[in-house]
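> prediction below, plus the sequence it came from.
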Amino acid sequence: MNTISNSDLKSDNPALVQKTVYSVLFSIAIAHLINDLLQSVIPSVYPILKENFDLSFTQIGLITFVYQLTASILQPFIGFYTDKKPKPYSLTIAMVFTIFGLALLSYSTHFWMILVSVSLVGVGSSIFHPEASRVAFLGSGGRRGLAQSIFQLGGNSGSAIGPLLVAILVAPYGQSNIIWFVLVGVVGMFLLSKIATWYKNHLNLRASKKIADEENRVPFSKKQIKISIGVLLLLIFSKFFYMSSMSSYFTFYLMKRFGLSIQESQFHLFVFLAAVAAGTLIGGPLGDRFGRKYIIWVSILGAAPFTLLLPYANLFWTGILSVIIGVIIASAFSAILVYAQELTPGKVGMISGLFFGFAFGMGGLGSAVLGYLADQTSIEYVYKISSFLPLLGVFTYFLPNVKMKRSGS
């Protein structure tokens, strides 16, 4: 896979401003892989933490809620600030927070220490995503859907790999082995420092050449834009509320219903998340080609028949359906995010922060609510209820058709 070359870092190459810089896109995707791999350690060790600390599902939901809250609440503000004053090296600082959080988690001896550790990882995420999304935007050369899909592919791949590594490195040996993931974070810091150098030089080049961000003006009123943003956030709610049932509780569901071991259930979670990673690359380029609204239709509402079948399937078909759901539903986020960016030109950081933050917040709230529901009823009932969430995709009807020009090469 390509990484940033010396020529990419040179500030005297004006072509970099207007062309798709694949080395930068793949590098920020790898950084996103590392970032989300480290974040995925948290839900992946839930069975271990539940056993070590005798936690209820409500407490597990609270862990996710605290993590997702800190990962979400700061993002729009950071994005709004960096739209005006970009901070390239904040990417490296973000990884420092994540490393310290995982180090603390590996040696936590009390429930409150777990909450502090996951909040540090959440802060790292809130700093990382708005600026990393801007790097993908600047390196897109106009192919914004493709760039966002490559960026998201890295994150989803990391989320898929994390549980597999936890099953290999942590589950057999215990909570303290989480410390090995700190080494992955150090690699991420080095890569992000290289990306930050390109980012800084790229911004300097744009300023010296007086090149403004390309803005595709959308012929819609402020009221229409606000309604559209509201619909998109509703769709994000449906997607990530459902995804929280899979990422936080799928292992428990498999263990309870089919009697699988922790490692066997982690493998099934890996397969689901790998399907999510594979599906991610589809949404952006297809949105560039056919229109993002159509991709949003398919990726949200199209998942509903399969989510409705999942609670009633045997183990074999549960695995098949989870893959289908992962592939379909994964294509939504890139299309939604770029659609929102095109509705609000010049606010890449704020929109990225708002949507990433809202996504994490809904994931956290979903985990807390579903965890409480699991305690009050059963884990099987949670999957029956959450299966209806993709039906909210019908609200895509209210989105205007935004036809943007393809640019770049």
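Received the coordinates, thanks. Numbering: from 1, shown residues only.
> any low-confidence regions in the chain?
The chain contains residues with pLDDT under 70 at 1-18, 206-220, 402-409.
> assign the spatially most central residue of it to helix, strand or coil.
Centroid check for the chain by Cα atoms, centre = their mean gives Gly155 as the closest residue, at 5.9 Å. Following DSSP: H, G, I helix; E, B strand; the rest coil, Gly155 is assigned to helix.
> mind listing what it touches?
Gly155 makes contacts with Ala29, His32, Leu33, Asn35, Asp36, Thr280, as judged by Cβ atoms under 8 Å, 6 or more residues apart in numbering. Backbone N, C-alpha and C define where each C-beta goes, glycine included.
> any idea how far it lies from Gln39?
9 Å (Cβ to Cβ, to the nearest Å).
> how about the helices in the stretch 51-200 of the chain?
Along the stretch 51-200 of the chain, counting by DSSP state H, counting those that start in this stretch, helices occupy 57-72, 75-84, 90-106, 111-138, 144-169, 181-209.
> correction: the previous question concerned the stretch 201-350 of the chain.
Using DSSP H, counting those that start in this stretch, helices in the stretch 201-350 of the chain cover 222-258, 262-290, 292-301, 304-309, 315-330, 332-343, 348-376.
> just send the ones you listed back as JSON lines, with mean neighbour count and distance to Leu55 too.
Shown next, in JSON lines, are these (neighbours: other Cβ atoms under 10 Å; distance: least, Cβ to Cβ, whole Å):
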{"stretch": "helix 222-258", "mean neighbour count": "20", "distance to Leu55": "12"}
{"stretch": "helix 262-290", "mean neighbour count": "22", "distance to Leu55": "15"}
{"stretch": "helix 292-301", "mean neighbour count": "23", "distance to Leu55": "32"}
{"stretch": "helix 304-309", "mean neighbour count": "19", "distance to Leu55": "27"}
{"stretch": "helix 315-330", "mean neighbour count": "20", "distance to Leu55": "25"}
{"stretch": "helix 332-343", "mean neighbour count": "26", "distance to Leu55": "30"}
{"stretch": "helix 348-376", "mean neighbour count": "24", "distance to Leu55": "10"}
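> relative to Gly393, which of these is closest?
Nearest to Gly393 among the helices of the stretch 201-350 of the chain is helix 292-301 (3.0 Å), distances taken as Cβ to Cβ.
> pretty sure Ser157 sits against Ala277.
Yes - counting by Cβ atoms under 8 Å, Ala277 is a contact partner of Ser157 at 4.3 Å.
> how about Gly364, what does it touch?
Per Cβ under 8 Å, 6+ apart, neighbours of Gly364: Thr64, Phe65, Val66, Tyr67, Gln68, Leu69, Ala71, Ser72, Ser244.
> skipping adjacent residues, who's closest to it in space?
Leaving aside its chain neighbours, Gly364 sits nearest to Gln68 (2.3 Å; criterion: Cβ to Cβ, 6 or more residues apart in numbering).
> can you pull the contacts of that neighbour?
Applying Cβ under 8 Å, 6+ apart to Gln68 gives the contacts Gly122, Phe360, Gly361, Gly363, Gly364, Leu365, Ser367.
> closest to Phe306 out of those?
Looking across the contacts of Gln68 and measuring by Cβ to Cβ, the closest to Phe306 is Gly363, at 19.9 Å.
> tell me how far the closest one lies from Ser245.
From Gly363 over to Ser245 the distance is 10 Å, taken as Cβ to Cβ.
> likewise for Val348?
Going from Val348 to Ser245 by Cβ to Cβ gives 30 Å.
> same check on Lys347?
For Lys347, the distance to Ser245 - Cβ to Cβ - is 31 Å.
> what of Leu233?
In terms of Cβ to Cβ, Leu233 sits 19 Å off from Ser245.
> and for Pro305?
On the measure of Cβ to Cβ, Pro305 and Ser245 end up 17 Å apart.
> ditto for Leu354
From Leu354 to Ser245 the distance is 23 Å (Cβ to Cβ).
> now do Lys85
Lys85 is 39 Å from Ser245, by Cβ to Cβ.
> try Leu169
Computed as Cβ to Cβ, the Leu169 to Ser245 distance reads 26 Å.
> the nearest residue to Ile127 once chain neighbours are set aside: what's it in contact with?
Spatial nearest neighbour of Ile127, chain neighbours left out: Ala94 (3.8 Å); criterion: Cβ to Cβ, 6+ apart. By Cβ under 8 Å, 6+ apart, Ala94 lies in contact with Asn35, Gly124, Ser125, Ser126, Ile127, Phe128, Glu131, Leu192.
> with respect to Arg257, which of these is nearest?
Out of these, the member with the shortest distance to Arg257 (by Cβ to Cβ) is Ser125, at 31.2 Å.
> now the closest residue to the closest one other than its chain neighbours: how far from Ala330?
Nearest residue to Ser125, sequence neighbours excluded (Cβ to Cβ, 6+ apart): Ala71, at 4.1 Å. From Ala71 across to Ala330, the span is 19 Å (Cβ to Cβ).
> same question for Pro163.
Separation of Pro163 from Ala330 (Cβ to Cβ): 16 Å.
> go on, Ala196?
Distance from Ala196 to Ala330, by Cβ to Cβ: 28 Å.
> ok, now Lys222?
For Lys222 relative to Ala330 (Cβ to Cβ), the value is 31 Å.
> how about Leu273?
In terms of Cβ to Cβ, Leu273 sits 9 Å off from Ala330.
> return every residue with contacts to both of those two.
With Cβ under 8 Å, 6+ apart, Leu273 and Ala330 have common neighbours Asn156.
> would you check that Gly353 makes contact with Pro76?
Yes - at 4.3 Å, Gly353 counts as touching Pro76 under the criterion of Cβ under 8 Å.
> burial of Phe100, as a residue count?
17 (other Cβ atoms under 10 Å).
> got the contact list for it?
Leu120.
> of all pairs in the contacts of Gly155, which one is the farthest apart?
Asn35 and Thr280 (14.9 Å).
> mind checking the end-to-end distance for stretch 285-303?
Stretch 285-303 has an end-to-end distance of 19 Å (Cα to Cα, to the nearest Å).
> make that stretch 40-54, sorry
End to end - Cα to Cα - stretch 40-54 spans 21 Å.
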